[in-house]
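Undergrad: I need the structure of the sequence given here:
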Amino acid sequence: MNAPTSRRDFLKTSGALVVSFSLPTQVLAQGAGGKPALVPTELDSWIAVLPDGRVNAFFGKMDMGQGLDIAAAQVVAEELDVGFDKVEVVMGDTATSCNQGGASGSTGVSNGVRLLRRAAAEARRVLVEGAAQKLGVPASQLKVENGIVFSSEKKISYADLVGGRYFHHQVEWNKQTGNPMDIKVQAQPKSPSEYKVVGKPLARRDIAWKVYGIGDFVTDVRVPGMLHARVIRPPRAACKLRSVDASSIKSLRGVRIVREKEFVAVVAPREWDAVRAAQRLKIDWHALDGAFPAMDQLHQHIRGAKVVKREEAVKKGDVAAALKTPGARLVEAEYEWPFQSHASMGPGCALADVKAGGCTVWTGSQKPHFVRDGVAKLLGMPQDKVRAIWVAGPGSYGRNDAGDAALDAAFLSRAAGKPVRVQGMRADGTAWDPKGPACVHRARAALDASGKVIAYEFVSKGFSRQHIATNESDPADSLVGQSIGIAAKGTQIFGVPAESYAFENKLLAWETIPPLVDNCSPLRTAHLRDPVGPEIHFGSEQFIDELAAAAAEDPVAFRLKYLANPRHAAVVKAAAEKAGWSSLGKGKGIAFAERNGTAVAAVAEVEGDCRSGRIWARRITVAHDCGLVINPQGLRYTIEGNVVQGLSRALFEQVRFDRDSVTSVDWASYPILEMPDAPESIEVVLIDRPEIAPSGAGEPTIRVIPAAVANAFFDATGVRLRSAPLDSDRVRKALAKA
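TA: Numbers count the residues shown, from 1 in each chain. Below you'll find the model as predicted:
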């Protein structure tokens, strides 16, 4: 796979009309020859209308398996009045698109596509005004269909209007708010009643090439003269490198060792030689004292650790006093969640080509613009001399090892003077990728004699969910940066339940504790899909069920009694009705949560085997409200993916470790959900609200799955599982104890 044509080269040869706006994260000088620059107020490089009438939409986000590009193409086609089949979305190349923050936070549609919508609407307005001048017809009398602007007697195509010109059309950016998304255009986007493309279940375009292997993943990228590399991580946390015995690999021709401080790697013309060299190279590591607590003491360590930061996100009434109300019934519980790995389907891979004039990096990171920034800092180059190109990889869903691979490759390419391709082995990816944080959740509530909740407190305590940042913009957040002496810059942040339970005295808080190791730790924490959402709601939504039981109320009715937001209540009702809640037998559970404007509820129906300890979520029913539905088929697939991954994290996933290293390094020691464990049925109810702007779908559903399954297990057995994962060993022990 060769490097794709740059945006400017493309525009030189295509004679395209381009319209776009970007975020104020990169302000470039005006290009030579009058070419518009990537600046916030230049309606310049998001949409290109090609001479044949096709449309390219340049997108600063990328699709990580959710079909985001299809939703973006639908919106562009809708606003421009062109056929969906004529729109291609070009994603994640810093030479062709502006930084929209990468893929994260389920903001692909809510923020990213929203900008495309405005750009496309403004492009249509400018084109129609241009057609009005050409045709001598007032713009108000013109219509557009499939890229043709026409009146009753005259017509002209977008392609004929292009003429190879740039518009240099300015849009407004509200600098007072400082919000890069607060950009105004003159055009008024269409109302939902006018939609012809948005709302249709259009198929994805990436299935065939992925299934048949006829396209390129990041692992397939090749450039002439490149070398292959393997980075050799320490055998444990808190290690210092004493010496490297180069003679141990002298029989392998063409292999070179790259070492700087605690960083060591091998590069070779052939990948197999790099693999063998990494296996054979003798390194003397100096191990410091044990870094980690015993694994079975992890949650006790969290309970006893000092609090670095505490934040009370919701504080209503006087919880402490209400908990002491005479005659009130006190309900208390604690819930535990382990470290979890991304365990992507393949280890991180990247290729970098560092030359005197700059650097090009091919990466599977979900934030290529930040890869550009991090590589620039690592190499001491100006940002505009670094180009990062996103190529589909083995998945991400947060900050996995793809970013480390990208910065490793750039560092090694500079050292070797040639393009270098870095790929980890399975153990590298699973052991050394950033982890989702382990945590403990403390819950207390008081009920009066009538069963009313008069006090509610939920406090999460754990490792920060961001010991390293959620992107690759700073070498301090990469393993290579930390290995060469750049200290990590962790942020203390966690989260609280997202819901609208109207308890009159209510406290939601979180506390973070110090990391186990400051630098180069296999248990460093960063965002995993829906950062701390599954773990928090595993506790909070189980506790809601425990309160319902204490009040002798049905779990669905109890939630509806206290949910203050009508949209929240609506998804609970819809999930329960679709699942047939009132007629279901034992083994059913429900959970609800909200995430950034999206409300979701799930009903799980489970079966269990007491002898094996296996839990099977036989049927999952989800009700989902994310406002306007752009593509119902793609949305359903996204929700189903959430369900499957949520079940995997609830039932199987747990990072295992000893006193100094991660021991779960493959699929045997870090199992994930397999086909026999998948539900036989996933039912999805989509609540379409065209009047409400679309919010995210990439993460909300996953946060309710663990609690729904745990609640269903309790309903089936009367045994409450408050520690995840709900694996066979934990289930057998809990049942035996009961």
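Undergrad: contacts and neighbour counts: CA atoms only from here.
TA: Will do.
Undergrad: Any figure for the gap between the most far-flung residue of the chain relative to its centre and residue 503?
TA: What lies farthest from the middle of the chain is residue 153; by Cα atoms, centre = their mean that is 50.5 Å. Between residue 153 and residue 503 the computed distance is 65 Å (Cα to Cα, to the nearest Å).
Undergrad: cool, and residue 729?
TA: For residue 729, the distance to residue 503 equals 37 Å [Cα to Cα].
Undergrad: Of those two, which one has the most company?
TA: Remark: of residue 729 and residue 503, residue 503 carries more neighbours, 19 against 12, as counted by other Cα atoms under 10 Å.
Undergrad: Quick one: residues contacting that one.
TA: By Cα atoms under 8 Å, 6 or more residues apart in numbering, residue 503 lies in contact with 453-456, 562.
Undergrad: Okay, and which of those map to strands?
TA: Among these, the residues falling in strands (DSSP state E) are 453-456.
Undergrad: Name the nearest of those relative to residue 228.
TA: Closest to residue 228 out of the ones in strands among the contacts of residue 503 is residue 456 (56.3 Å), distances taken as Cα to Cα.
Undergrad: Now the buried members of the ones in strands among the contacts of residue 503.
TA: 453-456 (16 or more other Cα atoms under 10 Å).
Undergrad: Next, format those as TSV and append pLDDT and distance to residue 99.
TA: Putting those into TSV (pLDDT from 0 to 100; distance: Cα to Cα, whole Å) gives the following:
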residue	pLDDT	distance to residue 99
453	98	46
454	98	47
455	98	45
456	98	42
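Undergrad: any idea which of the residues you listed is closest to residue 218?
TA: Among these, and counting by Cα to Cα, the member closest to residue 218 is residue 456, at 48.5 Å.
Undergrad: who's in contact with that closest one?
TA: 319, 443-446, 503, 505-507.
Undergrad: Try it again at 7 Å.
TA: Contacts were defined as Cα atoms under 7 Å, 6 or more residues apart in numbering; by that measure residue 456 touches 319, 444-446, 503, 505-507.
Undergrad: The residue lying closest to residue 474 once chain neighbours are set aside: neighbour count?
TA: Leaving aside its chain neighbours, residue 474 sits nearest to residue 374 (4.8 Å; criterion: Cα to Cα, 6 or more residues apart in numbering). Number of residues near residue 374 (other Cα under 10 Å) recorded here: 28.
Undergrad: what sits against residue 374?
TA: 472-475 are the contacts of residue 374 under Cα under 7 Å, 6+ apart.
Undergrad: Residue 418 now?
TA: Contacts of residue 418 (Cα under 7 Å, 6+ apart): 225-227, 353-354.
Undergrad: got the phi/psi numbers for it?
TA: Note on residue 418: backbone dihedrals following degrees, to the nearest 10 are phi -140, psi 160.
Undergrad: For it, report the pLDDT, please.
TA: Here the pLDDT value assigned to residue 418 is 98.
Undergrad: Let me know the distance separating it from residue 226.
TA: 6 Å.
Undergrad: And for residue 295?
TA: 42 Å.
Undergrad: And for residue 379?
TA: Relative to residue 226, and taking Cα to Cα, residue 379 is found at 19 Å.
Undergrad: Over to residue 309?
TA: Relative to residue 226, residue 309 is positioned 46 Å away (Cα to Cα).
Undergrad: quick one, which of those two is more surrounded?
TA: In this view residue 309 and residue 226 are compared by other Cα under 10 Å, and residue 226 has more residues nearby, 21 against 15.
Undergrad: So what's the predicted local confidence for that one?
TA: For residue 226, pLDDT reads 98.
Undergrad: Find the nearest non-adjacent residue to it, please.
TA: Sequence neighbours aside, residue 419 is the residue nearest to residue 226 in space, at 4.5 Å (criterion: Cα to Cα, 6+ apart).
Undergrad: And for residue 315, the neighbour number?
TA: Counted with other Cα under 10 Å, the neighbours of residue 315 add up to 13.
Undergrad: can you check residue 276 too?
TA: Using other Cα under 10 Å, residue 276 has 15 other residues around it.
Undergrad: which element is it on?
TA: helix 271-280 (DSSP states H and E).
Undergrad: just residue 406 next, same as before
TA: helix 402-416.
Undergrad: Could you do residue 197 as well?
TA: Counting by DSSP H and E, residue 197 is found in no helix or strand.
Undergrad: try residue 252
TA: Assigned by DSSP H and E, residue 252 falls within no helix or strand.
Undergrad: same question, residue 388
TA: Here residue 388 is assigned to strand 386-390, by DSSP H and E.
Undergrad: For residue 62, which three-state class applies?
TA: Classification of residue 62 using DSSP: H, G, I helix; E, B strand; the rest coil returns coil.
Undergrad: before we move on, what about residue 374?
TA: helix.
Undergrad: now it: how far from residue 251?
TA: Applying Cα to Cα, the value for residue 374 to residue 251 is 36 Å.
Undergrad: ditto for residue 371
TA: Residue 371 sits 36 Å away from residue 251, going by Cα to Cα.
Undergrad: So these two - more neighbours on which side?
TA: More crowded of residue 371 and residue 251, by other Cα under 10 Å: residue 371, with 31 against 9.
Undergrad: How about the more buried one: what's its closest non-neighbour residue?
TA: Residue 371 sits nearest to residue 472 (Cα to Cα, 6+ apart), 5.0 Å away.
Undergrad: Surely that neighbour and residue 403 touch.
TA: Yes: checked against Cα atoms under 7 Å, the pair residue 472 and residue 403 is within contact range at 5.8 Å.
Undergrad: Identify the contacts common to the two.
TA: Common neighbours of residue 472 and residue 403, counting by Cα under 7 Å, 6+ apart, are residue 371.
Undergrad: Could you tell me the end-to-end distance of stretch 469-477?
TA: 6 Å.
Undergrad: Distance from the chain centre to it, please.
TA: Distance, stretch centre to chain centre, for stretch 469-477: 15 Å (Cα atoms, centre = their mean, to the nearest Å).
Undergrad: Quick one: the strands in the stretch 1-150 of the chain, in order.
TA: Assigned by DSSP state E, counting those that start in this stretch, the strands in the stretch 1-150 of the chain fall at 17-19, 42-43, 47-49, 55-59, 87-91, 143-145, 148-150.
Undergrad: which stretch among the ones you listed comes nearest residue 658?
TA: strand 87-91 (41.2 Å).
Undergrad: could the contacts of residue 374 be laid out in TSV, adding pLDDT and distance to residue 189?
TA: Listed next are the contacts of residue 374 as TSV, based on pLDDT from 0 to 100; distance: Cα to Cα, whole Å:
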residue	pLDDT	distance to residue 189
472	92	35
473	95	34
474	95	38
475	97	41
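Undergrad: Residue 348: which of the residues you listed is nearest?
TA: Nearest to residue 348 among the contacts of residue 374, with distances taken as Cα to Cα, is residue 472, at 13.6 Å.
Undergrad: Give me the distance between that closest one and residue 364.
TA: According to Cα to Cα, residue 472 and residue 364 sit 12 Å apart.
Undergrad: quick one, what contacts residue 560?
TA: Counting by Cα under 7 Å, 6+ apart, residue 560 makes contact with residue 569.
Undergrad: tell me the pLDDT at it?
TA: 98.
Undergrad: which SS class is it?
TA: Look at residue 560: counting by three-state DSSP, its state is helix.
Undergrad: sec struct for residue 613, please.
TA: Quick answer, by three-state DSSP: residue 613 is coil.
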